[in-house]
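Chemist: Whatever this is, show me its structure:
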Amino acid sequence: MGAQYEVRGNVAVLTLDNPPVNGLGFDTRVQLAQGVERAVADAAVEAIVVTGAGKAFSGGADIKEFGSPKSIAEPNLLSLIKLLEDCPKPVVAAVHSVCMGGGLELALGAHYRVAAPGTNVALPEVKIGLIPGAGGTQRLPRVLGVETALNMIVSGEPVKSEVLASLPGQKLFDKIIEGNVLDGAIAFAAEVAAKPGPHPRVRDFKVSHRDADAYFGFARNMVKGMAKNFPAPVKCVDAVEACLKKKFDDGMLYERETFLALMLTPECKALRHAFFGERAASKIPDVPEDTPQRKIEKVAVIGAGTMGGGIAMNFLNAGLPVVMLEMKQEALDRGVATIRKNYDAQVKKGKLKQDKLDARMALLSTTLNYADIASADLVIEAVFEEMGVKEKVFKTLDEVMKPGAILASNTSTLDVNAIAAFTKRPQDVVGMHFFSPANVMKLLEVVRGEKTAKDVLATVMTIAKKIRKTAVVSGVCDGFIGNRMIEQYSRQAGFLLEEGCTPAQVDKAVEKFGFAMGPFRMGDLAGNDIGWAIRKRRYVEKPHMRYSKTADLLCELGRYGQKTGAGWYDYVPGKRDAIPSKLVEEMIEKHRAEIGVQPRKISDDEIVHRLVYSLVNEAAKILEEGIASKASDIDMVYLTGYGFPLFRGGPMCYADSQGLFNVVQTMKKFAANPHDDASFWQPAPLLAKLAAESKSFT
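Modeler: A predicted model of the protein is given here:
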């Protein structure tokens, strides 16, 4: 671990060795610096090659040390780059596979750079709310030109080494090396060692643009329009402009000051929280990372409706054969036609090539007979959300599926333990709750039953990665994590209507806060009849739980949303625009009069915080009950499945940013409102405890 040192001929080879992506952690930096000094002191060494072990040159900062004192301890990355740049012997960076962030900045400190074709080259700092902080904004434009460099820095997206090497006038790569990149780099280093110094330093390269002011003005306006809630992309433009308009050292100072200022912004904290939260979600406290896994080579999906078809597409996209089962041939034909239509739309948009479409469709087979799915390694049912229907399916699966097959339910609210009990193999049963549209939404709630085996959980988490989902583990409760919380959010939305709001006012306030969609537009999209069915169940199971009657009155009018052309809003056929409805407003006013509520003016601030803090309070209970193992898991559910604004980091991260003491004080105010549900606004014990101890969720 760190950096290896060896001498080959007259060349010292320093190899970054800090798996998995050779992050530039403290030990690695120390050993690399020691290697450079050792090579300089050895008279037999005439040149130095820096490369990376395994499957990366370097992915940049070591995320295990991110934000800790070790991350900036000397030699920090800036010092290391200066050491390479000032080295009296030529330094060649031999990059391959992955060269990103601090790894690319390190390579830019070398005198020469050679690359293997297919290397992913990027400065992705903008994705965690930062700009490059070790000279990336000052050196990359000097080797690639202002426009290419700025595009890379603002997008954070990787570009292949051979694409960059083919750009006219580029000085990033001196050579693309086919075959063994290290052997080629050593030969190249021996060549440049024979040349008299001084060797080129990127800091000394000239940088210019034929119409800088107009270009940066245009770039700034474009970026502001596209990244309105995030400060980092505009700061990327400012820093690259500084590269052009300031001396190198002044530009470096500007970059560093900007980097450190961004570190403290709530948006950067939110993005970093999401970055680490996504990685942490796959770690389950009592399931070790080396847990043996079951082989998943063939998948079966039961149900060819919208959900079943969307689920199947995920596996086809990942190259896994899928067999889809239905009760009737016409249902199968409809399901296959929808999948093809979805793929055709991607081909038309240029997002998918025709041969890929054909390859994916070739992996799909269909059947009306359970015997044809018996050999599948994983079967996912996506049938009607009713316990009697699930029982029938799982009893049949128990009879036909091979031993060791994973039996998964796509239920969104039903008891996974009860479903598992329909079989003689409850250890093989797990919830895999996909979100609609299943081929698009990133979230997968993995519901762990009381008897779900650890190897089943480990396998499902791995397969989730393969199909590019963010998987979050939930325990068994009504609605799991996401839908259990959204119920409280929807209840508050109803109370707000009774107290004086219109659906459009609530939606606008929440959308201004950053949500993709307000609660009433969301209801119209999902279908208001779904919530109605849940409430009818609640009236029997939890008669003490209070709801606004407005949503029931709406459904009694047959206004289920976009599918019926009318919901909380009116819709024009063929369009999705939500048009405020006079009829709905009159319905709400009539209901208010009947329950004797005098409408009042409600601020956007109250709307937002009643909705968001209802999520937070329910989430605190979910944490306390162990339904979720950590607060960041809850944030990942809301960021990837419910349209919570990414720049706010999720409900728990947002609550922390407001201060839990303040959250509790606000909830006390809500509890005093006679038209709200005072008992719900009693802070959950965990929330009250953390607030009293000046602690946070995350």
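Chemist: pLDDT of the strand or helix carrying C99, averaged?
Modeler: Element membership of C99, judged by DSSP states H and E, is strand 98-100. Average pLDDT, strand 98-100: 97.
Chemist: And for stretch 70-90?
Modeler: Mean predicted confidence for stretch 70-90 is 93.
Chemist: any weak-confidence spans in the stretch 551-698 of the chain?
Modeler: Across the stretch 551-698 of the chain, nothing is flagged by pLDDT under 70.
Chemist: how many neighbours does K356 have?
Modeler: 14 (other C-beta atoms under 10 Å). From N, CA and C alone the C-beta is placed, and that goes for glycine too.
Chemist: Ignore what I typed, I meant A149.
Modeler: 24.
Chemist: CA atoms only: put the helix or strand just after the strand holding C99 into PDB for me.
Modeler: The first helix or strand that comes after strand 98-100 along the chain, using DSSP H and E, is helix 102-109. In PDB, the C-alpha atoms belonging to helix 102-109 read as follows (Å, rounded to 0.1, in the frame of the first residue of the first chain):
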ATOM      1  CA  GLY A 102      -6.000  14.700  -8.400                       C
ATOM      2  CA  GLY A 103      -4.600  11.900 -10.500                       C
ATOM      3  CA  LEU A 104      -4.800  14.100 -13.700                       C
ATOM      4  CA  GLU A 105      -3.500  17.100 -11.700                       C
ATOM      5  CA  LEU A 106      -0.500  15.000 -10.600                       C
ATOM      6  CA  ALA A 107       0.100  13.900 -14.200                       C
ATOM      7  CA  LEU A 108       0.000  17.600 -15.300                       C
ATOM      8  CA  GLY A 109       2.900  18.200 -12.800                       C
END
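Chemist: host element of S694?
Modeler: Residue-wise, S694 maps onto no helix or strand under DSSP H and E.
Chemist: Look up the closest residue to it, ignoring the ones flanking it.
Modeler: Nearest non-adjacent residue to S694, counting by C-beta to C-beta, 6 or more residues apart in numbering: F661, 7.2 Å away.
Chemist: A strand includes the one you found, no?
Modeler: No. Per DSSP: H, G, I helix; E, B strand; the rest coil, F661 lies outside any strand segment and is helix.
Chemist: State the distance from it to Q488.
Modeler: Look at F661 and Q488: by C-beta to C-beta, to the nearest Å, they are 21 Å apart.
Chemist: go on, M361?
Modeler: Counting by C-beta to C-beta, the gap from M361 to Q488 is 42 Å.
Chemist: So for these two, which residue has more residues nearby?
Modeler: Per other C-beta under 10 Å, whichever of M361 and Q488 has more neighbours is Q488, with 21 against 13.
Chemist: That one: helix or strand, and which one exactly?
Modeler: With DSSP H and E as the criterion, the answer for Q488 is helix 482-499.
Chemist: Which strands and helices lie in contact with that helix?
Modeler: Contacts defined by 3 or more C-beta pairs under 8 Å, 6 or more residues apart in numbering; DSSP states H and E place helix 482-499 against helix 503-513, helix 519-526, helix 550-556, helix 582-595, helix 604-624, helix 631-641.
Chemist: quick check: mean pLDDT across stretch 318-329?
Modeler: Summarised as a single mean, pLDDT over stretch 318-329 is 95.
Chemist: what's next to it, contact-wise?
Modeler: 296-304, 308-309, 312, 315-316, 332, 335-336, 363-370, 372-373, 376, 466-468 (C-beta atoms under 8 Å, 6 or more residues apart in numbering).
Chemist: in it, what's buried?
Modeler: 318, 320, 322-326 (16 or more other C-beta atoms under 10 Å).
Chemist: Turn the residues you listed into TSV, columns for secondary structure and distance to A628.
Modeler: Listed next are those as TSV, based on DSSP: H, G, I helix; E, B strand; the rest coil; distance: C-beta to C-beta, whole Å:
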residue	secondary structure	distance to A628
A318	coil	27
L320	coil	29
V322	strand	30
V323	strand	33
M324	strand	32
L325	strand	32
E326	coil	34
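Chemist: Can you tell me which of those comes closest to F422?
Modeler: F422 lies nearest to L325 out of those, by C-beta to C-beta, at 17.4 Å.
Chemist: All the helices of the stretch 201-350 of the chain, in order from the start?
Modeler: 212-226, 232-245, 248-263, 266-281, 306-317, 329-348 (DSSP state H, counting those that start in this stretch).
Chemist: Could you export those helices as JSON lines, including distance to L108?
Modeler: Output for the helices of the stretch 201-350 of the chain, formatted as JSON lines (distance: least, C-beta to C-beta, whole Å):
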{"stretch": "helix 212-226", "distance to L108": "22"}
{"stretch": "helix 232-245", "distance to L108": "12"}
{"stretch": "helix 248-263", "distance to L108": "12"}
{"stretch": "helix 266-281", "distance to L108": "23"}
{"stretch": "helix 306-317", "distance to L108": "36"}
{"stretch": "helix 329-348", "distance to L108": "37"}
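Chemist: closest one to M587 among those helices?
Modeler: With C-beta to C-beta as the yardstick, what comes closest out of the helices of the stretch 201-350 of the chain is helix 306-317 (29.6 Å).
Chemist: who touches the closest one?
Modeler: The contact list for helix 306-317, computed with C-beta under 8 Å, 6+ apart, reads 299, 301-302, 304, 321-322, 324, 335-336, 338-339, 342-343, 360-361, 363-364, 380, 382, 410, 434, 436-440, 467-469.
Chemist: among these, which ones are buried?
Modeler: If we count by 16+ other C-beta under 10 Å, the contacts of helix 306-317 have these buried: 299, 301-302, 304, 322, 324, 335-336, 338-339, 342-343, 360, 363-364, 380, 382, 410, 434, 438-439, 467, 469.
Chemist: Tell me how far the host helix or strand of V473 lies from the chain's centre.
Modeler: For V473, the element it lies in under DSSP H and E is strand 470-474. Relative to the chain's own centre, strand 470-474 is displaced by 12 Å; criterion: C-alpha atoms, centre = their mean, to the nearest Å.
Chemist: which neighbours does that strand have in its sheet, and in what orientation?
Modeler: For strand 470-474, the paired strands and their directions (DSSP bridges) are strand 443-447 (parallel).
Chemist: following the lowest-mean-pLDDT helix or strand in the chain, which helix or strand shows up next?
Modeler: Lowest by mean pLDDT, DSSP states H and E among the helices and strands of the chain is helix 69-72, with a mean of 83. Scanning forward in sequence from helix 69-72 by DSSP H and E, the next helix or strand is helix 77-85.
Chemist: Please identify the buried residues of that next one?
Modeler: 77-78, 80-81, 83-85.
Chemist: what does whichever helix or strand comes after that helix rub up against?
Modeler: The helix or strand immediately downstream of helix 77-85 is strand 91-95, counting by DSSP H and E. Strand 91-95 has contacts (C-beta under 8 Å, 6+ apart) with 36, 47-52, 57, 84, 103, 106-107, 109-116, 119, 121, 161, 177, 181-182, 184-185, 188-189, 192, 199.
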